[in-house]
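>>> show me the folded form of this:
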Amino acid sequence: MRLLLLSLGDGALVRFVTAATGRPPREVTIGHVIGAGRELLVDRGFRVIDFAASPDDVDAVYVGGGNTFTLWHELTESGTAALLDERVRDGLPYIGLSAGSVIAGPDIEPAGLLDDPADAPGLSSTAGFGWIPQVPVPHAGGMLPAYPPAAIERTFTEFGSRFRLLALDDDQALLVDDHGTRVVPSP
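Reported below is the predicted structural model:
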């Protein structure tokens, strides 16, 4: 499995995609699924198409940020989550940003102190993809006003005994590839 789970900074993005596909950005098509960040991919030189419309025509897939619960609800209700899971487990490189990183873990419940679960009232389960054993906690450095250090600390206090939480500062990413799993710089 090849995953790049970003918090905010995208410094690791081009290296990851180039390593995963063996091609430079201008020769890579990324399937945008949902969430903020589509412009970022275009700005980095990638061709970007809608993943759900053309899942067989992409070299990698991207799920952006937003409210984790709303995003997960939309993915599961539309059936896109099942398609994504199958394709990523079959080797399609996955890039997640913020909420798109959280859903890669086993459960999104710990994001409930950072995003409002009430924004997705129809969400029936908080179980995530489970591609990694940890629940990423993006924006853990407290640099963004919407995610103050007190909220991050409270997340670890309230959920740390039930979930393996992984703090990601905004200039870090979790990289999963043939060499293992590790936190890398991504300014």
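>>> remind me what the strand or helix carrying residue 82 packs against, helices and strands.
Assigned by DSSP states H and E, residue 82 belongs to helix 80-89. Secondary-structure packing of helix 80-89 (3 or more Cβ pairs under 8 Å, 6 or more residues apart in numbering; DSSP states H and E): strand 29-34, strand 60-63, helix 68-78. Glycine gets a C-beta too; all of them are placed from N, C-alpha and C.
>>> any idea which of these is most buried?
Highest mean neighbour count among the helices and strands packed on helix 80-89 (mean count of other Cβ atoms under 10 Å): strand 60-63, with a mean of 26.
>>> output that one as CSV, nothing but the C-alphas.
Coordinates of each C-alpha in strand 60-63 appear next as CSV, following Å, rounded to 0.1, in the frame of the first residue of the first chain:
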residue,chain,number,x,y,z
ALA,A,60,-3.2,8.1,-8.0
VAL,A,61,-6.1,9.3,-5.9
TYR,A,62,-6.6,12.4,-3.7
VAL,A,63,-9.1,13.0,-0.9
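>>> elements contacting that strand?
Applying 3+ Cβ pairs under 8 Å, 6+ apart, we find strand 60-63 packed against helix 13-21, strand 29-34, helix 80-89, strand 94-97, helix 99-102.
>>> try 7 Å this time
helix 13-21, strand 29-34, strand 94-97 (3 or more Cβ pairs under 7 Å, 6 or more residues apart in numbering; DSSP states H and E).
>>> distance to residue 183 and mean pLDDT added to these, as CSV?
Converted to CSV, these look like this (distance: least, Cβ to Cβ, whole Å; pLDDT from 0 to 100):
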stretch, distance to residue 183, mean pLDDT
helix 13-21, 13, 98
strand 29-34, 23, 96
strand 94-97, 14, 98
